[in-house]
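In: The following comprises the amino acid sequence and a computationally predicted model.
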Amino acid sequence: MADTPSIASGARLAGSEADPGGLVAPAVAGDRLAFAQLVVRHQDRVTRLAYRLLGWQGEVEDVVQDVFVAVLRNLPGFRGESQFATWLYRITVNECRRARRKRLWRMSFWKKTATPAERDPVGEREVSEKVREAVRRLPARSRDVVVLRYLEDLPISEIGRILGLKPNAVEVRLSRARRQLQAALAGWLET
Amino acid sequence: MPLDPLQELLRRADADAGPVPRLPADLPGRVMSRARRAQERTALAGSVAAALLLAIGVMTFLRITAPSGLAPGEAVERRLTADVAGLQREADSRATIARRIAELRQRDERLAALQAEAAQPDPVQRAQQEVDQTAFVLLQQGDHLYRDLGLKERAADSYRRTTRLFPETRWAGLARQRLEEMETDKGDTL
């Protein structure tokens, strides 16, 4: 917990756009109850985003806990230069990347295992699985923009703020990700 | 705005993936416990790292000071003995060097003396020079007695002694010449 809270940043945050619920400033100042309320308020969207970024699998709860631990650790450094939700999304993206790397490292010797994508498609569920598998196989930077844009419905500018990119860089990544997905799902997109 | 086919596929896949996993109701409490554990782990890791560093330091120190299998006290004693032996060897070595330098100096001095001696003239030659000088002094004495003092007999005695004692010198020839001149002067007088 923030034992040495940044009072100055807390005062600046109070009532600002970065802290619409008025919970971030007290949390920064070390108020545990305010932090608990922040967790409750944001846990659903963090969980949903983590679930998608992790490829609809994996230890989502662990990652969500890690996200909020990182929030707790970094709250004193939150200056309110972006909205709290944007900052939270950025932490979630980073934690999901870290979790994915860890999982890939653990599973690296399982590479030869058959994946659902290699099965013959039979029905809609298999198509969906094939799509999810294609998203999972995307490089992290492509997968993040696809999830944030098409599943979280975030505008390009907001995605740029979350990923620390300029909007045109986000567009480039999105375009590349689309090409990669279209190549992977060629047969499914035509039908 | 209608969805493009790719976006539609993605959304359907997302919906088919099933519900988002449910989180425990006490998530905030769990997060705080987890943060506390992480803090404790960090502190513990710091302590372990410090202990490891200390252990490595001590082991390194013991390895430096102690040969393997020895108690520290014994090791120190051995180390000191080895140091003393090393100093003794160094002292011996320095003494040997000093001795050699002294020998070289003595040899140089002897050599210089021999060279100086060699530079001196030959003793025989020196004796001959002394003989020559004595003959000259005797001749000069005769000249002084005869020419300056008019003591002819004593002058003749001096010339005769020159011819008798140093017959090989050129002063003996002059002494004979003086004696002949004295004889001539004597006849003229008569």
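Out: Alright, I've got the coordinates. Numbers count the residues shown, from 1 in each chain, chains lettered A, B, ... in the order given.
In: for the record, mean pLDDT for stretch A:42-53?
Out: For stretch A:42-53, the mean pLDDT works out to 92.
In: Please name every helix or strand in contact with the helix or strand hosting B:L104.
Out: Assigned by DSSP states H and E, B:L104 falls within helix B:72-119. Judged by 3 or more Cβ pairs under 8 Å, 6 or more residues apart in numbering or on different chains; DSSP states H and E, helix B:72-119 is in contact with helix B:27-65. Every residue, glycine included, has its C-beta placed from N, CA and C.
In: Mind giving me the packing neighbours of the helix it packs on?
Out: Partner elements for helix B:27-65 (3+ Cβ pairs under 8 Å, 6+ apart): helix A:32-53, helix A:60-74, helix B:72-119.
In: quick one: buried residues of that helix?
Out: Residues of helix B:27-65 classed as buried: B:L27, B:P28, B:R30, B:V31, B:M32, B:R34, B:A35 (neighbour count, 16 or more other Cβ atoms under 10 Å in any protein chain shown).
In: Now pLDDT too, for those residues, in JSON lines please.
Out: Converted to JSON lines, the buried residues of helix B:27-65 look like this (pLDDT from 0 to 100):
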{"residue": "B:L27", "pLDDT": "86"}
{"residue": "B:P28", "pLDDT": "87"}
{"residue": "B:R30", "pLDDT": "88"}
{"residue": "B:V31", "pLDDT": "88"}
{"residue": "B:M32", "pLDDT": "86"}
{"residue": "B:R34", "pLDDT": "87"}
{"residue": "B:A35", "pLDDT": "87"}
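In: The helix holding B:L104 vs helix B:27-65, what angle?
Out: Orientation check (axes from the mean of the first three to the mean of the last three Cα atoms, to 10 degrees): helix B:72-119 against helix B:27-65 gives 40 degrees.
In: how far is helix B:72-119 from where the chain is centred?
Out: Relative to its chain's centre, helix B:72-119 lies at 11 Å (Cα atoms, centre = their mean, to the nearest Å).
In: got a list of contacts for the helix or strand following that helix?
Out: Per DSSP H and E, the first helix or strand lying C-terminal to helix B:72-119 is helix B:123-143. Identification of contacts with helix B:123-143 by Cβ atoms under 8 Å, 6 or more residues apart in numbering or on different chains yields B:121, B:155-159, B:161-162, B:165-166, B:169-172, B:174-175, B:178.
In: can I see the domain layout of the chain?
Out: Assuming you mean chain A. Following automatic domain parsing, one finds the domains of chain A at A:1-110, A:114-191.
In: think we crossed wires, I meant chain B
Out: Taken from automatic domain parsing, chain B resolves into B:37-66, B:73-120, B:123-189.
In: between these, which gets nearest to B:G18?
Out: Checking the domains of chain B against B:G18 by Cβ to Cβ gives domain B:37-66 as the closest, at 30.3 Å.
In: rewinding a little: out of the domains of chain A, which is closest to B:A55?
Out: Using Cβ to Cβ, the domains of chain A put domain A:1-110 closest to B:A55, at 29.9 Å.
In: The closest one near chain B anywhere?
Out: Yes - counting by Cβ under 8 Å from any Cβ of the partner chain, chain B has neighbours in domain A:1-110: A:1, A:32, A:35-36, A:39-40, A:43-44, A:47-48, A:51-52, A:56, A:60-61, A:64-66, A:68-69, A:72-73.
In: Quick check: closest non-adjacent residue to the residue nearest the centre of chain A.
Out: Most central in chain A under Cα atoms, centre = their mean is A:V93, positioned 3.4 Å from the mean C-alpha point. Nearest residue to A:V93, sequence neighbours excluded (Cβ to Cβ, 6 or more residues apart in numbering or on different chains): A:D144, at 5.6 Å.
In: So which of the contacts of helix B:123-143 belong to strands?
Out: In this view, these have no member that belongs to strands under DSSP state E.
In: I'd like to check which residues are in contact with the residue nearest to the centre of chain A.
Out: Neighbour list for A:V93: A:L49, A:L53, A:D144, A:L148, A:I162, A:L163 [criterion: Cβ under 8 Å, 6+ apart].
In: For chain A, which segments are assigned as strands?
Out: Under DSSP E, chain A gives no strands.
In: which intervals of it have sub-threshold pLDDT?
Out: Along chain A, segments meeting pLDDT under 70 span A:1-21, A:108-124, A:188-191.
In: same question, chain B
Out: Filtered on pLDDT under 70, chain B yields the residue ranges B:1-3, B:63-72, B:121, B:186-190.
In: Which positions within stretch A:29-42 qualify as buried?
Out: So for stretch A:29-42, counting by 16+ other Cβ under 10 Å, buried means A:A29, A:G30, A:D31, A:A34, A:F35, A:A36, A:Q37, A:L38, A:V39, A:H42.
In: Ok, stretch B:141-148 next?
Out: Under 16+ other Cβ under 10 Å, the buried positions of stretch B:141-148 are B:Q141, B:G142, B:D143, B:L145, B:Y146.
In: again with stretch A:125-141
Out: Those would be A:E126, A:V127, A:S128, A:E129, A:K130, A:V131, A:R132, A:E133, A:A134, A:V135, A:L138, for stretch A:125-141 by 16+ other Cβ under 10 Å.
In: likewise stretch A:46-62?
Out: Using 16+ other Cβ under 10 Å as the test for burial, stretch A:46-62 gives A:46-56, A:58, A:60-61.
In: Just the residues contacting it, thanks.
Out: A:63-64, A:67-68, A:88-89, A:92-93, A:95-97, A:99-100, A:103, A:132, A:135-136, A:143-144, A:147, A:151-152, B:14, B:17-18, B:20-21, B:23-24.
In: Now the buried members of the contacts of helix B:123-143.
Out: B:155-156, B:158-159, B:161-162, B:166, B:169, B:171-172, B:174-175, B:178.
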